[in-house]
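Q: sequence plus the predicted model coming up.
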Amino acid sequence: MNFKGKVALITGGSSGIGADAAYHFAKLGANVSIVGRNEQRLNAVAEKIEASGSEAPLSIVADVTKDAERIVDETIKKFGRLDVLVNSAGYASRDNVENINFVDFDRLFDTNVRSAINITKFCIPHLEKTKGNIVNVSSVTGIVSSFSRLSYSISKAALDQFTKCSALDLASKGIRVNSVNPALIRTNIFESFGATKEQYDVYLNSAHSAYPIGRIGEVSDTSSAIVFLADNEKASFLTGTLLQSYQITYIKIFSAISPPPASWILERSLDGENFEPWQYFSTSDSECLSRYNRSARLSSTRFLSDKEVTCNTKFSTQLQIENGKINLSLVNHRPGAETSSVEFLEFTLARYIRLRLQGMHETERRFYSIRHLKIGGRVDCSGHASDTTNSGDDIDECVCLHNTCGANCEKCCPLFNQRAYLQGTITDINRCEKCECNGHATECYYNPEVDQRGLSVNTEGIASGGGVCLNCSDLTAGINCEKCIPHYYRPYDVPADAESPCIPCDCDPKRSEGPCSSIGGECNCKSGFTGPKCLECAVGHKGEDCVKCTCDERGTMHGGQCESHCQCKLHVEGSRCDKCLPGYFALSSSNSEGCMKCYCSGVSQICRSYTVKFSTYETLDNWRVTDISKQNFALPSVDNDTGHLVFGMYEFPETEAVYWLAPDSYCGNLLESYGSHLSFRMAWIIVRGDTSGKPTSGPSVILIGKNGMKIAHGDNVYKHSNASIDVFLSEDGWYHVPRTVKDIVTRLRRTEYRGDPVTRVQFMSVLSDVESILIRGTFHTDQVESVLISVNVNSGFSDSDESEFNLVEKCECPIGYTGLSCEKCDFGYVRIYENSTSHEKLGKCVPCSCNGHAETCDLDLDKCGECQHNTDGERCERCAVGYYGNAMLGTPYDCKRCSCPLSIDSNNFSPSCQLHEVSMDMNRMSNELIQRHINTSLDFVCNQCEDGYTGAKCEICDDGFYGRPDVIGSKCMPCPCNGGPCDPNTGRCIACLGNTEGWRCERCKDGYWGDPHDGCELCNCYEVGAISNVCDVTNGQCVCKPRFGGHQCDECEFGFGNITLDCPPCECNINGSSDTFCDRESGQCPCKMGIEGLKCDTCMDTYFGLSIDGCEDMRDKRQIQKDKLIEL
């Protein structure tokens, strides 16, 4: 076990099991954090760990019942991660139900249970990151009842339940949770009971007899178990190797002194590293779903497939305390067991077997024990052996059959790889086939591309299979060692399997270059030389050194290339016979007449060769199956292994000649493919057995033109079950298929489908517009399937040296025609057809009466197609809205975009325009004059300028607007002058209204205030009270002099009065006034009763004695005196 780089946090680490566990973890390379309340003991543990050569631990003095979060934080801060948590903190007590003390019970429960739960909670986020695990140190008393251990036993039972529950809860996070339940262990726990060490030793000695091994446990026994459970590798499974691969049929597991595992996974592997489940085991249906996400399976239920992996509850529900047995069959009830299907053989094959133990039964013996493991199987011989032999190293080797080799017959023997290796089954032995190397190689290998392209020959001389010979000997080379190495050749009369078939080339280096032909020995002649050994002059060359003659060999009559006067071929002219006659093209030495006649769809006689870059088209998408008359249709299926298209002949029971119908992507104008090739590969399946069936013949390819013509090529018989067919796309060999032919019936005359030969004109007329391509699908009377492998249509040549074979023409077309061969009507023309007796429709292009602005027209309905070139009308006789010009001139440029003032959308401010003073004289003016006038600056006027624009081209901003309409991105905007005029270009206001000023009349004039957009009001500040007549521009508040206030400074401030006297201070008499503030307008202070004066400082008549209480009324005082006299 190796814990290097991992971090373990251990509570109760100052003594006992926790301290010893810390020591073990540190020895195994872990960084350790130990927690305890006794600092002295913690230091002692740390010193012991350091003394052993391990890294010093992090010692944390803490109470686990209170400091859980701090403990975790300090550990993470120190080490940055957490992999293992060991909850070892705890102590014991002696009590029973009669003398239990609940204060002590709570304290014990806090330490033994709550602290473990609490610290686990804080550790979970860190353990999830490392896929770590938790080990709780419990006790056997949590499982087995014990005298006078009530509180302790309850706490350990609770800790066990916490372990089980959290194991389920945290499994989805990848965190394992386990516990150890030791019995009597020698620790310092006696201190918890208040016993002395001597008393504890006596107790321990007396307990030895209770254990079969004759001793009690030591802390190292438990700490070793803790370390084992904390190891993610060692604790999660048991693994065994079988030394070699076997087909496993059954596995028997015998347990020892504990029950068999409750939940576990049986796994298999071929390399010992990558394991996959074979079978899941659990205690219940619900656990199968919750733990393994699979439904439980009954043992007698048949498997759905050979590779189905299920969950079994049979062995986990039958509990046996010891000596249990599990008998597991891997083959019973699997569908491929009887036939040894490939899927079944792959599923039962294993070299390594692993038992991943994941759960125990709830018994006192909570540990795993396996007494015996028995595995039944047979050597994997891949279905190619019936016996084995022992090599002497406990390795069984197969006695291979069917030309297979290897310890497990897992490959074909060296010279037997003509076909891909396949395992043998009961229904098909899949024998390895010998390669044909003609006796010159002892090894070969299979190449699927060679097989697909049909390049390898088997021992029967048929191109079938993909065997490629290795290390050809005897100077041979090639896929089948059928050729010779460079500069050697095999004579024609020497067979490929001759003992020494190759001899040196015999070529004159002055006349040839490079190696000779591998078969036959023909030399590769230099220019001007010819013959097998280059001993003769090539056509058009003469003399000892074969110099080139004056006459062009391509256009000169055979044998006359070196005469003084060149004899030209039929359609060739020029002193050197190097030019085609007018109306002909493609000068070629292979053409007996020298040049080909221009086709040009019969409308021109001037053409030349047109170079087409090589291209090829191939697809298996959207193919259908039909008959020769295209009356019935069906979709093929796709072979999942090869991708080929397959059609069952039974789907067309009434049809004998089945054809593959190409998708539209192959059709259309194929003139660029003239002189190239259409090639395809087919295969077909024939009913096995002795029948009277025979190969059939029929057209290999049928082309149907849109002109109604149906032409075909080929009429061959193929003896094998596959063929590669190549068709040259020129008129040679093509024939008409009569319209009366609906099928090709075997019992009838086989040539009834062959009509007249196809002429070049007819072939070109079909090729110019191909409607359908039919590929032959029937090759035998007993055929049950037709297989389409590939179809290629080529254009051009990949080698520029083959330019003389370029048969594609480029014609000079008359007005109204276009295309390579003038096969299409030009823009503004429509084709009319005239029936003929030559299997075709002759068409000519006539102009449409649409003023040259419609691509086509309907002559019968007298309607133009969609008007183009910005025109409109029944005859496209006028410019569309937004355009101007004379649409009747007949050119694509008749109608131009209205520029109001610019043609782009952002600066075009009128939807329409019209010619300016032109329409009245239009009929009198020549087209040239009209066009010249249209091109002048005053050729049109915009007649729907938007608001804010004016001028002939909407190029001027109207009154009250400004901008530059003739500048891209600019437009006319309203003058921001509150109704006043502005500069038409810049927008600067010329005369502001409403008492405003500024570039945009955006502010009030001095002495005015308000919103400039609504007009500004006069400040109207009181000239006596205001500093000036300028006020706040937003609210109109005037700036007042000291002592003045109010919106317009026409009031006195509080404490001042009488605005006519410049608001002097009130100075109200404190005794005579009821307030210190006077009236701000008059300056009058508010006087008390009997007081008067501006400042309330004078008693009124009949009042006297001004005081804080005001003035007294004399009359009141006299009345009082009078009343007193009356009393006297």
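A: Great, that's in hand. A quick note: this is a predicted structure, and the numbers were derived from the prediction, not measured.

Q: helix/strand/coil for the residue positioned nearest the centre of the chain?
A: Nearest to the mean C-alpha position of the chain, by Cα atoms, centre = their mean, lies residue 621 at 22.7 Å. Classification of residue 621 into helix, strand or coil gives coil, according to DSSP: H, G, I helix; E, B strand; the rest coil.

Q: residue contacts, the residue nearest to it when sequence neighbours are not counted?
A: Across the structure, with Cβ to Cβ, 6 or more residues apart in numbering as the measure, the residue nearest residue 621 apart from its sequence neighbours is residue 663 (6.6 Å). Just so you know, the C-beta spots here come from the backbone N, C-alpha and C atoms, and that holds for glycine as well. Contact partners of residue 663, counting by Cβ atoms under 8 Å, 6 or more residues apart in numbering, are 619, 621-624.

Q: let's see if you can find the most crowded of those residues.
A: Sorting those by how many neighbours each has (other Cβ atoms under 10 Å) puts residue 623 first, at 18 neighbours.

Q: wait, it touches residue 644, no?
A: No - Residue 623 is beyond contact range of residue 644, at 10.8 Å (criterion: Cβ atoms under 8 Å).

Q: shared neighbours of those two, which are they?
A: With contacts defined as Cβ under 8 Å, 6+ apart, the residues shared by residue 623 and residue 644 are residue 788.

Q: ranges for the helices of the stretch 901-1050 of the chain?
A: 927-934 (DSSP state H, counting those that start in this stretch).

Q: distance of the spatially closest residue to residue 1089 that is not a sequence neighbour from residue 117?
A: Counting by Cβ to Cβ, 6+ apart, the nearest residue to residue 1089 once its immediate chain neighbours are dropped is residue 1110, at 5.7 Å. Residue 1110 sits at a distance of 87 Å from residue 117 (criterion: Cβ to Cβ, to the nearest Å).

Q: which residue of these two possesses the greater neighbour count?
A: residue 1110 (20 against 15).

Q: tell me what the more buried one is bridged to.
A: For residue 1110, the beta-bridge partners are residue 1107 (DSSP bridges).

Q: just the pLDDT for it.
A: Predicted confidence (pLDDT) at residue 1110: the value is 85.

Q: how about residue 287?
A: We have a pLDDT of 88 for residue 287.

Q: phi and psi next, for it.
A: Listed backbone geometry of residue 287 is phi -70, psi -30, with angles given as degrees, to the nearest 10.

Q: number of nearby residues for it?
A: Here the number of neighbours of residue 287 (other Cβ under 10 Å) works out to 20.

Q: and it, what does it touch?
A: Contact analysis of residue 287 by Cβ under 8 Å, 6+ apart lists residue 263.

Q: quick check: residue 542 touching residue 549?
A: Yes - using Cβ under 8 Å, residue 542 makes contact with residue 549 at a distance of 5.7 Å.

Q: settle it for me: which of the two has more neighbours?
A: Between residue 542 and residue 549, residue 549 has the larger neighbour count (other Cβ under 10 Å), namely 22 against 15.

Q: hmm, who's touching stretch 968-977?
A: Contacts of stretch 968-977 with the rest of the structure, by Cβ under 8 Å, 6+ apart, involve 902, 904, 906-907, 909, 948-949, 957-958, 960-965, 981-982, 987, 989-993, 1000-1002.

Q: filter those down to the buried ones, PyMOL style.
A: Buried residues within the contacts of stretch 968-977, by 16 or more other Cβ atoms under 10 Å, are selected in PyMOL with:
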select buried, resi 902+907+909+948+949+957+958+960+961+962+963+964+965+982+987+989+992+1000+1001
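
Q: which of the contacts of stretch 968-977 fall in strands?
A: With strands defined by DSSP state E, the entries of these inside them are 949, 957, 961-962.

Q: let me have these in a markdown table, extended by pLDDT and distance to residue 510.
A: Converted to a markdown table, the ones in strands among the contacts of stretch 968-977 look like this (pLDDT from 0 to 100; distance: Cβ to Cβ, whole Å):
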| residue | pLDDT | distance to residue 510 |
| --- | --- | --- |
| 949 | 95 | 88 |
| 957 | 93 | 90 |
| 961 | 94 | 92 |
| 962 | 94 | 91 |
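
Q: which one of those sits closest to residue 754?
A: Using Cβ to Cβ, residue 949 is the member of the ones in strands among the contacts of stretch 968-977 that lies nearest residue 754, at 76.7 Å.

Q: how close does the nearest residue to residue 1102 once chain neighbours are set aside sit to residue 947?
A: With Cβ to Cβ, 6+ apart as the measure, residue 1114 is the residue that lies nearest to residue 1102, at 4.9 Å, once sequence neighbours are left out. Distance, residue 1114 to residue 947, using Cβ to Cβ: 87 Å.

Q: count the residues that sit near residue 252.
A: By other Cβ under 10 Å, neighbour count at residue 252 equals 14.

Q: distance check, the closest residue to residue 342 other than its chain neighbours against residue 349.
A: By the measure of Cβ to Cβ, 6+ apart, the closest residue to residue 342 outside its immediate chain neighbours is residue 423, 5.4 Å from it. Distance of residue 423 to residue 349, given as Cβ to Cβ: 10 Å.

Q: who has more neighbours, these two?
A: residue 423 (20 against 17).

Q: quick revisit: neighbour-wise, which of residue 1114 and residue 947 wins?
A: For residue 1114 and residue 947, the more surrounded residue by other Cβ under 10 Å is residue 1114, and the numbers stand at 15 against 11.

Q: how close does that one get to residue 519?
A: Distance of residue 1114 to residue 519, computed by Cβ to Cβ: 163 Å.

Q: if we can go back for a sec, now tabulate the ones in strands among the contacts of stretch 968-977 in CSV and tack on distance to residue 139.
A: CSV is the format used below for these (distance: Cβ to Cβ, whole Å):
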residue, distance to residue 139
949, 98
957, 98
961, 97
962, 96
